[in-house]
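Visitor: Sequence first, predicted model second:
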Amino acid sequence: MMGARDSIRPVGPVVIDIENITKDYVMGEEIVHALRGVSLRIHRNEYIAIMGPSGSGKSTLMNMVGCLDTPTSGRYGFNGRNVAEMDDDELAAIRNREIGFVFQTFNLLPRANTLRNVELPLIYAGIDPETRQERATQTLIDVGLGDRLHHKPNELSGGQRQRVAIARALVNRPSIILADEPTGNLDSKTGEEIMSLFEDLYRRGNTIILVTHEADIARHARRTVRLRDGLIESDDLMTVPELESMALT
Amino acid sequence: MKRFLYELSESWKIAVAQMRSNMTRSTLTALGVIIGIVAVTLMGTAIGGIQVGFDKSMAIFGDDVLYVGQWPWKNVDDWWNYRDRKKIKTEYADGLNRMIAMTPNSNLAIAIPTSSVYRSVKYMDSAVNNVLIRGTVSDYIITSTFDFKEGRFFNELESRGGANVCVIGYDVADALFPSASPIDKSVLINGQPFKVVGVISRQGSFLGLFSLDSIVVIPLPAFQKYFTAKSEAEILVKVKDKKKLADAKDELAGLMRHVRGLPPEKKDDFSINEQQALKSTLDPIKNSIAVAGLFITGLSLFVGAIGIMNITFVSVKERTKEIGTRKALGARRRTILLQFLIESTALCLLGGIIGLTFAFLMCFLIGVAFPSFPIHFSTELVLVSMLVSVLTGLISGFAPAWSASRLDPVTALRYE
């Protein structure tokens, strides 16, 4: 019953290799140590949840992983390249091609229709209009929105909006999907639908990093990293009974 | 390169969508630019008109004619030195012509005596006051730039004999003979009848100051017979080659000294004037009008530009989160910069096009209402005002666009 995919130890190549990174912020007169030395290694096709109460450094870690920010010290290898030393434009290129963001508040462009929202990362990647449209359409069909291509975000339900956002995250075939509280603005039923979409994406070979403070949501992941006070408190792989119970549902 | 084009077209689409969704705001902001462009364009048109009118007025003097007179055509500080000069006499022309004929390779062609007074001209019950009555010879036509509406100039025979014939200007003909042809009719000048032989076609006015069409030209002997012979005279001298105007001027000065019998130690007691001298006197005035006018109207465009800058700052602020999202999806600094620059430029260009349309209509209406006002609406002006709009957009949009492009993605994403 347990294939290679479901084995507990991740076996794929390392995508994210964070080594002892720290991040300090200056808040007024004080220096806040948001991350105090975090090491984390994420392999291809892992499904990992990063958890922690607010102030734990969870968001800061997510910003680092998402290449939205660079660490104060430490090394961050992304597919073998050192992100910590990249400039703004190089980081933008990594975000564009390697990372698919899914936000709590969806962050769709309100005046653009579904198709144009999903095309946006492809525009920044310099892909020609025909390919763009083709790929965006296909990705939207994959997330179950093939019949909503020309709707504006305000004509869609919350769940549909998040699906658009997920399609947008997937369209450039990134190495990782980084979802920040993806169900935070959805009711629990819709939230479950979105989580099953992530499950589906994971089974199709995507690497998913989930940032959440909800244990119910984190339970979908195969690995859970807990942060406290800027340090990793625990890093648990799902146990075999847990996996088995999951396969039943 | 391709990628840049995609970004460009994307930015353009966003700009249009943005303008559409904020119709009122965009219109009000563009209004500043519209007013600025209308003001600048109208001023440009007026300056162009002044330029055209000026050149037209100058052309009347001819660029190959020297004018010998008592006074120079420029402002002088020591006017008393000129006041007591001996009067210029019409007879000098004969002396000059004799000497010109005797000089081999002379730069001068011919000297024409003229003498003028202002009188009323009457026909039947109508009269025109303050008409320039000019006495001259038949060769006057050589130095002149006018055409005939009908008839001809008086001939040499009439000129020498001092026949009572006259050539009248357009305004005079229009006032005295509103419906009939004036040819062969007799007008009264100083109570003397003069038969009209020609009508000069419309000349317009000199710099819009006085009409050049309120003139009557009669043979010099007749002029001297009926009007005061002492009236001020001016000798017109046509030069052979206008490229050698300076040489011609020197030669003429020599001849005039001879005619006047001036000993070598004495200074010239006459002035030789030319179109160029008048131009160099009037040019600075014209230029300062242009500079002052453009500066003042430029201020209104500046105010418009500040409006654009302001609204772009607001737009950046409002869409901070959107900027964050775009950055997360891979927009580079350049992309964001370009997006807001295009937005501000599109707004200015829109204002520019509307403003130009307004200006064009206003020019057209002014042209219809006041045909005499020199209107000059050129393609050049259209291109320049479009360029000015685009530049205004780029300059006023730069600061907000720059600040948007430098936003930290983390902060921008968190912005509510």
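Guide: Everything's here; your move. Quick caveat, the model's predicted, so the values are computed rather than measured.

Visitor: so how many other residues sit close to residue B:114?
Guide: For residue B:114, the neighbour count with other C-beta atoms under 10 Å in any protein chain shown is 23. From N, CA and C alone the C-beta is placed, and that goes for glycine too.

Visitor: Residue A:201 too?
Guide: 21.

Visitor: which residues touch it?
Guide: Neighbouring residues of residue A:201 by C-beta atoms under 8 Å, 6 or more residues apart in numbering or on different chains: A:166, A:170, A:177, A:208.

Visitor: can you tell me how far the second one sits from residue B:258?
Guide: Okay, so that is residue A:170. 102 Å (C-beta to C-beta, to the nearest Å).

Visitor: Comparing these two, which residue is more hemmed in?
Guide: residue A:170 (22 against 12).

Visitor: The more buried one contacts residue A:179, correct?
Guide: No. Counting by C-beta atoms under 8 Å, residue A:170 does not reach residue A:179; the two are 11.4 Å apart.

Visitor: sorry, back to before: please indicate which of the contacts of residue A:201 has the highest neighbour count?
Guide: residue A:166 (27 neighbours).

Visitor: tell me which element residue A:227 is part of?
Guide: Per DSSP states H and E, residue A:227 falls inside strand A:223-228.

Visitor: Against which helices or strands is the next helix or strand after that strand packed?
Guide: Counting by DSSP H and E, the element after strand A:223-228 in chain order, helix or strand, is strand A:231-237. If contacts are counted by 3 or more C-beta pairs under 8 Å, 6 or more residues apart in numbering or on different chains; DSSP states H and E, strand A:231-237 sits against strand A:30-43, strand A:223-228.

Visitor: how about a cut-off of 10 Å?
Guide: Under the contact criterion of 3 or more C-beta pairs under 10 Å, 6 or more residues apart in numbering or on different chains; DSSP states H and E, strand A:231-237 touches strand A:30-43, strand A:47-51, strand A:223-228.

Visitor: Just give me how far it sits from the chain centre.
Guide: Remark: strand A:231-237 is offset 18 Å from the chain centroid, using C-alpha atoms, centre = their mean, to the nearest Å.

Visitor: so it versus strand A:30-43, what angle?
Guide: 20 degrees (axes from the mean of the first three to the mean of the last three C-alpha atoms, to 10 degrees).

Visitor: model confidence over strand A:231-237, on average?
Guide: Averaged over strand A:231-237, pLDDT sits at 91.

Visitor: Between strand A:223-228 and it, find me the angle.
Guide: With the same axes, to 10 degrees applied, the angle from strand A:231-237 to strand A:223-228 works out at 160 degrees.

Visitor: For strand A:231-237, which outside residues touch it?
Guide: Strand A:231-237 is contacted from outside by A:7-10, A:18, A:33, A:35-41, A:46, A:48-52, A:56-57, A:61, A:221-228, A:242-243, using C-beta atoms under 10 Å, 6 or more residues apart in numbering or on different chains.

Visitor: In PyMOL, how would I select just the buried ones from those residues?
Guide: Only the buried entries of the contacts of strand A:231-237 go into this PyMOL selection, using 16 or more other C-beta atoms under 10 Å in any protein chain shown:
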select buried, chain A and resi 10+18+33+35+38+40+46+48+49+50+51+52+56+57+61+221+222+223+224+225+226+227+243
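
Visitor: Could you list the low-confidence segments of chain B?
Guide: For chain B, applying pLDDT under 70 flags the ranges B:207-209, B:229-230, B:372-376.

Visitor: Mind jotting down where the helices sit in it?
Guide: Counting by DSSP state H, chain B has helices at residues B:2-21, B:23-61, B:79-83, B:92-102, B:140-143, B:156-161, B:170-176, B:220-226, B:245-260, B:275-318, B:320-328, B:333-369, B:379-405, B:409-414.

Visitor: contacting residues around residue B:121?
Guide: B:127-131, B:133, B:166, B:168-169, B:172, B:175-176, B:187-190, B:194, B:214-216.

Visitor: Please pick the buried ones from these.
Guide: Buried members of those, scored by 16+ other C-beta under 10 Å, are B:128, B:131, B:133, B:166, B:168-169, B:172, B:175-176, B:187, B:189, B:194, B:214-216.

Visitor: How many residues are close by residue A:76?
Guide: By other C-beta under 10 Å, the residues close to residue A:76 number 21.

Visitor: For the residue in chain A that chain B sits nearest to, report the pLDDT, please.
Guide: Proximity of chain A to chain B (C-beta to the nearest C-beta) peaks at residue A:96, 2.3 Å away. Per-residue pLDDT puts residue A:96 at 95.

Visitor: what about it, helix or strand, and which?
Guide: Counting by DSSP H and E, residue A:96 is found in helix A:88-98.

Visitor: which helices and strands does the following helix or strand past that helix pack with?
Guide: Once the chain leaves helix A:88-98, the next helix or strand it forms, by DSSP H and E, is strand A:99-102. Strand A:99-102 sits against helix A:114-124, helix A:158-170, strand A:176-180, helix A:188-203, strand A:207-212, helix B:320-328, with contacts defined as 3+ C-beta pairs under 10 Å, 6+ apart.

Visitor: Specify the stretch among the ones you listed that is closest to residue B:23.
Guide: Minimum separation from residue B:23 across the helices and strands packed on strand A:99-102 (C-beta to C-beta) falls at helix B:320-328, 19.2 Å.

Visitor: Overlap in contacts, residue A:170 and residue A:179.
Guide: Here residue A:170 and residue A:179 have A:100, A:102, A:201 as joint contacts, going by C-beta under 10 Å, 6+ apart.

Visitor: hmm, back to that, tell me which of the helices and strands packed on strand A:99-102 lies nearest to residue B:30.
Guide: helix B:320-328 (22.2 Å).

Visitor: touching chain A at all, the closest one?
Guide: Yes. Helix B:320-328 comes into contact with chain A (C-beta under 10 Å from any C-beta of the partner chain), by way of B:321, B:322, B:324, B:325, B:326, B:327, B:328.

Visitor: and that helix with helix B:379-405, angle?
Guide: Using the same axes, to 10 degrees: helix B:320-328 against helix B:379-405 is 80 degrees.

Visitor: buried ones in the helix holding residue A:96?
Guide: For helix A:88-98, using 16+ other C-beta under 10 Å, the buried residues are A:91, A:92, A:93, A:94, A:95, A:96, A:97, A:98.

Visitor: by contact count, what packs against that helix?
Guide: By 3+ C-beta pairs under 10 Å, 6+ apart, helix A:88-98 packs against strand A:73-78, strand A:81-82, helix A:114-124, helix B:320-328, helix B:333-369, helix B:409-414.

Visitor: Please identify the buried residues of the longest one?
Guide: Of all the residues in helix B:333-369, those buried under the rule 16+ other C-beta under 10 Å are B:333, B:335-356, B:358-360, B:362-363, B:366-367.

Visitor: Return the residues in contact with the residue of chain A most remote from its centre.
Guide: Relative to the centre of chain A, the most outlying C-alpha is that of residue A:29, 33.3 Å out, by C-alpha atoms, centre = their mean. Going by C-beta under 10 Å, 6+ apart, residue A:29 touches no other residue.

Visitor: In contact with the residue of the stretch 251-400 of chain B found nearest chain A, which residues are there?
Guide: Chain A sits closest to residue B:330 of the stretch 251-400 of chain B, with a gap of 2.3 Å, by C-beta to the nearest C-beta. Residue B:330 makes contacts with A:91-99, A:101, A:120-125, A:172, A:174, as judged by C-beta under 10 Å, 6+ apart.
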